[in-house]
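1. Please work out how this folds:
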Amino acid sequence: MELALFAAGCFWGVEAAFQAIPGVISTEVGYTGGSKANPTYLDVCSGTSGHAEAVSVTYDPKNVSYEQLLAVFWGIHDPTQYNRQGPDIGSQYRSAIFYCNAEQRARAEKSRNDIQKQLGKDRRVTTEILPATTFYRAEDYHQQYLEKRGLSQCRR
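-> Presented below is the predicted three-dimensional model:
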């Protein structure tokens, strides 16, 4: 099993998208990329902890590749929006890939470059590619939030 970490806006919808992929073993929503130890949802929402809402994806690379996960990541959000996704505004909603090793970093950078080429010069990808830091699991009520409510996506 391998681990991948993605931030693409509100983690509820991001988690649901990755849960639907064959080969994904489990997902958890949480916070990463910030400076405060053991942040709470309120800390992250305040914008002062520096964390992004993120999803930890445990997957079986024999059944799904990291590139396939990257394709889902790019397809579920707008990587040109800086510190926001749709109506959700703040650094906690930024677009980021947190790599766990050098191979993931190289693959993430290649995929970002490919997306940038597709978008052309008029739109700029703002997605950060950063080393994975401590992932803090979000509170229980955030885990599988949409699934628990019988929803397949966030309603806006």
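2. In three-state terms, label residue 146 for me.
-> Look at residue 146: counting by DSSP: H, G, I helix; E, B strand; the rest coil, its state is helix.
3. next one: residue 37
-> On the three-state scheme (three-state DSSP), residue 37 is labelled coil.
4. give me every residue that touches the residue lying closest to residue 35 once chain neighbours are set aside.
-> Sequence neighbours aside, residue 50 is the residue nearest to residue 35 in space, at 4.8 Å (criterion: Cβ to Cβ, 6 or more residues apart in numbering). Backbone N, C-alpha and C define where each C-beta goes, glycine included. Residue 50 sits next to 33, 34, 35, 36, 91 when contact means Cβ atoms under 8 Å, 6 or more residues apart in numbering.
5. is it true that the last one touches residue 48?
-> Think residue 91. No. Judged on Cβ atoms under 8 Å, residue 91 makes no contact with residue 48 at a distance of 9.6 Å.
6. For these two, work out which one has more neighbours and name it.
-> Neighbours of residue 91 and residue 48, each counted by other Cβ atoms under 10 Å, are more numerous for residue 91; the result is 18 against 13.
7. quick one: the more buried one from residue 23, how far?
-> Computed as Cβ to Cβ, to the nearest Å, the residue 91 to residue 23 distance reads 31 Å.
8. And residue 81, by the same measure?
-> In terms of Cβ to Cβ, residue 81 sits 28 Å off from residue 23.
9. Show me which of these two is the more surrounded one.
-> Using other Cβ under 10 Å, the more surrounded residue of residue 81 and residue 23 is residue 81, with 17 against 14.
10. how close does the more buried one sit to residue 91?
-> Relative to residue 91, and taking Cβ to Cβ, residue 81 is found at 12 Å.
11. what does residue 32 give?
-> 12 Å.
12. Okay, and residue 111 sits in which element?
-> helix 102-119 (DSSP states H and E).
13. List the buried residues for that helix?
-> 104, 105, 107, 108, 111, 112, 115, 116 (16 or more other Cβ atoms under 10 Å).
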